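Colleague: when you get a sec, could you give me coordinates for this:
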Amino acid sequence: MENRIHLSWQPIVLFTISTIVFVTLYLMPLQSLAPVPPAVIQLTRVFFLILALIMLFEKLFSMEIYTKILLGLLLGGIAGLLFQANIVEIKPVGTAFIRLIRMIIIPLVFASLLVGTASLGDPKKMGRIGLKTFLYYLVYTAFAIFIGLILANLFHPGSGLSKQAQGQLLQNFGGEAQAKLSGISGKSGTLNLLLNIIPINIFEGLTNSILLQIIFFAIFTGIALALIPAEKARPVIAFFDGINEAMIRIVHIAIKMAPYGVFALIAAVVGSFGMEILLSLFKYTLITIVGMIILNFTYPPVVQFFSGMKPKTFIKGIREPQLIAFSTSSSSATLPVTIEACTEKLGVPLDIAGFVLPIGATVNMNGTALYQGISAIFIAQVYGIPLSIGDQLMIVLTATLASIGAPGAPMAGIMMLVVVLEQVGIPSEGIALLLGVERILDMFRTTLNITGDASAAVVIAASEGELNIPKT
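Modeller: From the prediction side, this is the model:
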């Protein structure tokens with residue numbers, strides 16, 4: 001459907017009045033409006049801001065959802081620059097959107113994996129698809145890290161940072177860095193990371209949203225259902241299939257809120273951090289983003305080579321999940337949208353999508369792995385620590401394993417980066433240098449993560465002869 005302009009005058013009047021009111025209230029100091037309580041003024045500003053957005057997205061124009069989301073991104077960035085810290089009060093709208101999506105992650109992951117695994121039926125097929133999935137993810141993750149290391153060694157992102165800039169970053173973010181470090185202490189062992197995949201108590205895993213444990217239990221339950229008599233397995237599978245359908249329906253409802261949630265999240269980020277602190281890390285940020293863009297452009301030709309799907313079809317099909325991932329910085333929160341896009345726009349069967357994508361949301365962290373490779377060398381260069389070839393190969397190995405345990409949630413990458421730093425003797429306090437640009441990079445790497453997930457689903461479906469490529 002093409003975007004169209006509605007010429008009805010009522011929405012134009014409402015949009016104009018709402019815009020004038022919220023701009024005026026945002027430009028006026030709260031003290032000047034006394035004795036009106038500040039909380040009332042803030043709620044009023046948010047109300048008229050959301051009203052203006054509703055008029056723009058729903059009444060003045062007829063737009064596809066991805067156009068609304070992209071417009072929300074752009075307008076949110078502009079609002080953050082114009083109104084700075086004041087606009088942070090809109091963040092609860094974005095938080096509500098993320099919570100609405102995250103609310104269905106656990107039941108959706110469990111139900112889709114269980115049904116997907118049980119629906120594969122043949123244990124040989126199940127094992128074959130599982131092996132293909134893990135090999136694809138691991139090889140691409142190692143490839144992503146190598147790209148990051150090559151760029152970091154070529155352009156030396158940490159060599160040009162002045163002592164003054166280092167001191168400023170450490171002073172601004174040192175406390176936050178220490179808090180994150182204390183939250184990870186004792187949890188960074190690779191062996192423990194792998195053993196913790198097996199749940200002692202599945203209800204504890206469900207309560208604490210430990211996705212790897214939920215995935216492990218769901219797959220084994222699905223395997224068990226595939227092995228027991230069909231008449232006993234059928235009602236259980238039908239029950240969880242119904243839950244899966246209900247969760248997808250909730251996604252359809254929640255996605256209508258996406259443009260407003262995206263606007264709120266981006267506006268709050270830009271309003272909080274501003275541009276000054278981001279510019280001091282421009283070289284590091286630019287190199288990391290360039291690496292992610294390079295990796296992103298490898299997916300369409302790989303998909304075409306293994307499946308025959310045209311790059312244009314693949315890029316168009318994942319556009320909406322990419323925008324959601326970019327705004328939420330959570331591959332888990334984007335999972336329902338990714339499943340829908342792969343099944344409805346890329347022709348991946350639901351049983352394969354339901355098996356491959358939930359695993360990918362936790363295991364396949366290509367963008368995170370690339371980021372960890374560049375970041376480790378960046379911090380080492382800032383501290384003046386030389387890294388040998390052996391050290392960098394250790395980074396590849398550790399980052400690959402660490403990416404398996406990285407939760408698909410905002411800020412997960414920087415927590416797992418500590419695992420990598422400790423293995424090669426780089427001061428883990430150096431993550432304080434990255435926190436100023438962490439949110440920006442988190443958006444890019446999450447987008448890359450879900451793109452890799454979608455490419456895996458297409459390639460594996462094609463390898464099984466079950467891909468139904470849409471006609472364009």
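
Colleague: can you pull the contacts of A268?
Modeller: G80, I87, V88, I90, K91, G94 (CB atoms under 8 Å, 6 or more residues apart in numbering). In this view, the C-beta of every residue, glycine as well, is placed from N, C-alpha and C.

Colleague: sticking with S332, tell me its helix or strand.
Modeller: helix 331-344 (DSSP states H and E).

Colleague: what's the answer for A142, then?
Modeller: helix 123-155.

Colleague: ok, now Q42?
Modeller: helix 38-54.

Colleague: buried set for that helix?
Modeller: I41, Q42, R45, V46, F48, L49, I50, L51, A52, L53, I54 (16 or more other CB atoms under 10 Å).

Colleague: in TSV: those residues, plus distance to G430 and pLDDT.
Modeller: TSV is the format used below for these (distance: CB to CB, whole Å; pLDDT from 0 to 100):
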residue	distance to G430	pLDDT
I41	41	80
Q42	37	79
R45	39	84
V46	38	85
F48	44	87
L49	38	85
I50	40	87
L51	45	88
A52	43	87
L53	40	87
I54	44	87
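
Colleague: of these, closest to T313?
Modeller: Nearest to T313 out of these is L53 (CB to CB; 31.6 Å).

Colleague: need the contact list for the closest one.
Modeller: When contacts are taken as CB under 8 Å, 6+ apart, L53 is in contact with G72, L75, P259, Y260, F263.

Colleague: 7 Å instead?
Modeller: Applying CB atoms under 7 Å, 6 or more residues apart in numbering, we find L53 in contact with Y260, F263.

Colleague: can you name the two of the buried residues of helix 38-54 that are farthest apart?
Modeller: Based on CB to CB, the longest span within these runs between I41 and I54 and measures 20.5 Å.

Colleague: tell me, domain by domain, which residues of the protein belong where.
Modeller: 1-63, 121-229+274-463 (automatic domain parsing).

Colleague: go through stretch 378-389 and flag the buried ones.
Modeller: F378, I379, A380, Q381, V382, I385, L387.

Colleague: for it, measure first residue to last.
Modeller: 15 Å (CA to CA, to the nearest Å).

Colleague: which residues touch E340?
Modeller: Going by CB under 7 Å, 6+ apart, E340 touches I248, V251.

Colleague: how near is it to A144?
Modeller: 25 Å (CB to CB, to the nearest Å).

Colleague: same thing with I12?
Modeller: Distance of I12 to A144, computed by CB to CB: 48 Å.

Colleague: who has more neighbours, these two?
Modeller: A144 (33 against 14; other CB atoms under 10 Å).

Colleague: dump the residue contacts of that one.
Modeller: Going by CB under 7 Å, 6+ apart, the list of residues near A144 reads L295, N366, A369, L370.

Colleague: out of those, who has the most neighbours?
Modeller: Counting neighbours by other CB under 10 Å, A369 leads those with 34 neighbours.

Colleague: surely it and I145 touch.
Modeller: Yes: the pair A369 / I145 is scored as a contact, 4.8 Å apart, by CB atoms under 7 Å.

Colleague: could the buried residues of helix 38-54 be laid out in TSV, adding distance to R102?
Modeller: Formatted as TSV, those follow (distance: CB to CB, whole Å):
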residue	distance to R102
I41	30
Q42	25
R45	27
V46	22
F48	28
L49	24
I50	21
L51	26
A52	27
L53	22
I54	24
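
Colleague: now, which of those sits nearest N208?
Modeller: Looking at the buried residues of helix 38-54 and their distance to N208, the nearest is V46, at 32.2 Å (CB to CB).

Colleague: how about the closest residue to the closest one other than its chain neighbours, what does it touch?
Modeller: Among residues not flanking V46 along the chain, I90 sits closest, at 5.7 Å (CB to CB, 6 or more residues apart in numbering). If a contact means CB under 7 Å, 6+ apart, then I90 has V46, L49, A264, A267, A268 as its contacts.

Colleague: list the contacts of L114.
Modeller: A218, T221, G222, F240.

Colleague: now I248: how far from F378?
Modeller: Distance, I248 to F378, using CB to CB: 40 Å.

Colleague: meant to ask about Q31, not that
Modeller: Q31 sits 43 Å away from F378, going by CB to CB.

Colleague: over to T447?
Modeller: On the measure of CB to CB, T447 and F378 end up 21 Å apart.

Colleague: in three-state terms, label M309 for me.
Modeller: State at M309, reduced to three classes by DSSP: H, G, I helix; E, B strand; the rest coil: coil.

Colleague: all good on my end, thank you.
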